[in-house]
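Participant: What shape does this take:
(one chain, ligands or ions: 2)
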Amino acid sequence: MAAVLAGIAAAAFWWLTRPDPLDAATLERLEALDADPARGAGVFWAGGCAACHIAADAEDTDRPVLSGGQRFDTPFGSFLAPNISPDTGHGIGGWTQAEFANAMLRGISPAGQHYYPAFPYPAYLRATLQDVADLQAFIETLPESDTANRPHDLGFPFSVRRGLGLWKRLNMDDGWVMADAPTPELERGRYLVEALAHCAECHTPRDRSGGLDRAQWMRGAPNPAGRGRIPDITPGGLGWSAEDIALYLDSGFTPTFDVAGGSMAAVVRAMARLEPADRAAIAAYLLALD
Ligand code: HEC
Ligand code: HEC
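Facilitator: Ligands and ions are numbered 1, 2, ... in the order given. Below you'll find the predicted structure:
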């Protein structure tokens, strides 16, 4: 009896944690798209990929070397960002469009395993297929690196990727948090903030499942780096004008002439490479929050 129950439990675990890749019709639409690396550069900077995927001591240039190696310490253990340069073998150079899209939109690797949400795919999953295709085309134009990936340093049970299937069932939600975006600018701001720039991953506290607490959207959160809190950026918490926010995202200067520090510094370096209209759209989104 115990063996039968254990067998049923194992089968249920296996079923509940199964990866859910993109379907054939979606992949067909993806492969029919014209991928444009120039547009992909905008997606890349909005997505902040370089912040995590360049080496810790590397320079943040317009053509970053995405060799990986940066380390993120969390309560579950340490993650090491992998090499996503276009090197075939060490990076993602040999990846098909379907493999890249499944990583970005489903958090699934070419081998069919779940990725850890330290890779912010719970936000990227809202990205359009066109942006994903353009992004991959841009990454293919960047320098190759033959740096080998190092394994994450995680304790049991977090070391078992299959278990992430349960986390994903609770936390993979592609609905918008801001239900209404009545103007094109707000719609663009919502897309940038909620899909690509993953601002909430840092600025929103997490619930007990480790997912974002949508009721506290952007209201500030403990700093995973240990010191202090990540600030509340709702209008009530921040108290800045649209110009103040756009200027901060461009220059890093606050209205009181402080400079963005900590993990926000790399975010600002990426945001500064966007079109001014995109920074204005992000500001409009933040000001439209409760
Ligand atoms: C907050 C840090 C962070 C950001 C931002 C980030 N990544 Fe990652 N990424 C990671 C980590 C950590 C992993 C490893 C996940 C795992 O092993 O489960 C990863 C894994 C990946 C992988 C899988 C690589 C492999 O070898 O299997 C791809 C592809 C990827 N990221 C692409 C991107 C792109 C493109 C962007 C920007 C749109 C991006 N990442 C932004 C941290 C980040
Ligand atoms: C990797 C984590 C991370 C991400 C992603 C992130 N932030 Fe931040 N943010 C921070 C931290 C940490 C600070 C505090 C910076 C400091 O102390 O100088 C901050 C500060 C800010 C501030 C200034 C608040 C103040 O009171 O000084 C604003 C505005 C802001 N972020 C907006 C954004 C927006 C918009 C996004 C998305 C485009 C974003 N952040 C994404 C970590 C992050």
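Participant: Helices along the stretch 1-150 of the chain, start to end?
Facilitator: Secondary structure of the stretch 1-150 of the chain (DSSP state H, counting those that start in this stretch): helices located at 2-16, 24-31, 37-47, 49-53, 97-106, 121-124, 129-139.
Participant: a markdown table for those helices, including mean pLDDT, distance to E201 and mean neighbour count?
Facilitator: (Glycine included, C-beta is placed from N, CA and C.) Formatted as a markdown table, these follow (pLDDT from 0 to 100; distance: least, C-beta to C-beta, whole Å; neighbours: other C-beta atoms under 10 Å):
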| stretch | mean pLDDT | distance to E201 | mean neighbour count |
| --- | --- | --- | --- |
| helix 2-16 | 90 | 25 | 10 |
| helix 24-31 | 98 | 24 | 13 |
| helix 37-47 | 98 | 12 | 21 |
| helix 49-53 | 96 | 11 | 22 |
| helix 97-106 | 98 | 15 | 21 |
| helix 121-124 | 98 | 6 | 21 |
| helix 129-139 | 98 | 18 | 22 |
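Participant: Kindly reformat those helices as TSV containing distance to ligand 2.
Facilitator: Output for these, formatted as TSV (distance: least, C-beta to the nearest ligand atom, whole Å):
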stretch	distance to ligand 2
helix 2-16	30
helix 24-31	26
helix 37-47	8
helix 49-53	7
helix 97-106	16
helix 121-124	9
helix 129-139	16
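Participant: Ligand 1 contacts on the chain?
Facilitator: With the criterion set to C-beta under 6 Å from any ligand atom, the chain comes near ligand 1 through 47-49, 51-53, 79, 81-82, 84, 92, 103, 109, 115-116, 118-120, 124, 135.
Participant: Among the helices of the stretch 1-150 of the chain, which comes closest to W240?
Facilitator: Of all these, it is helix 37-47 that lies closest to W240, at 20.6 Å by C-beta to C-beta.
Participant: Quick one: residues in contact with the closest one.
Facilitator: Helix 37-47 is contacted by residues 50, 124, 127, 131-141, 192, 196-198, 270-271, 273-275, 278 when judged by C-beta atoms under 8 Å, 6 or more residues apart in numbering.
Participant: Convert it to CSV, retaining C-alpha atoms only.
Facilitator: What follows is helix 37-47, C-alpha atoms only, in CSV (Å, rounded to 0.1, in the frame of the first residue of the first chain):
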residue,chain,number,x,y,z
PRO,A,37,18.9,43.0,-35.0
ALA,A,38,18.7,46.8,-34.9
ARG,A,39,15.3,46.6,-33.3
GLY,A,40,16.6,43.8,-31.1
ALA,A,41,19.2,46.2,-29.5
GLY,A,42,16.3,48.2,-28.1
VAL,A,43,14.8,45.0,-26.6
PHE,A,44,18.1,44.0,-25.2
TRP,A,45,18.7,47.3,-23.3
ALA,A,46,15.1,47.4,-22.1
GLY,A,47,15.5,43.8,-20.9
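Participant: what sits against the nearest residue to A55 once chain neighbours are set aside?
Facilitator: Closest residue to A55 apart from its sequence neighbours, by C-beta to C-beta, 6 or more residues apart in numbering: G69 at 4.6 Å. Going by C-beta under 8 Å, 6+ apart, G69 touches 55-56, 80-81, 83, 147, 150.
Participant: likewise F257?
Facilitator: F257 neighbours (C-beta under 8 Å, 6+ apart): none.
Participant: now D62
Facilitator: Here D62 is in contact with R273 (C-beta under 8 Å, 6+ apart).
Participant: Local confidence estimate at it?
Facilitator: Per-residue confidence at D62 stands at 92 (pLDDT).
Participant: Phi, psi for it please.
Facilitator: With angles defined as degrees, to the nearest 10, D62 sits at phi -70, psi -20.
Participant: Skip the chain neighbours and tell me the closest residue to R269.
Facilitator: Using C-beta to C-beta, 6+ apart and skipping residues adjacent in sequence, the residue nearest R269 is D60, 5.2 Å away.
Participant: mind listing what whatever residue of the stretch 51-200 of the chain ends up closest to ligand 2 touches?
Facilitator: Residue nearest to ligand 2 within the stretch 51-200 of the chain (C-beta to the nearest ligand atom): C199, separated by 2.8 Å. Counting by C-beta under 8 Å, 6+ apart, C199 touches 193, 218, 233, 267, 282.
Participant: Understood, closing this out.
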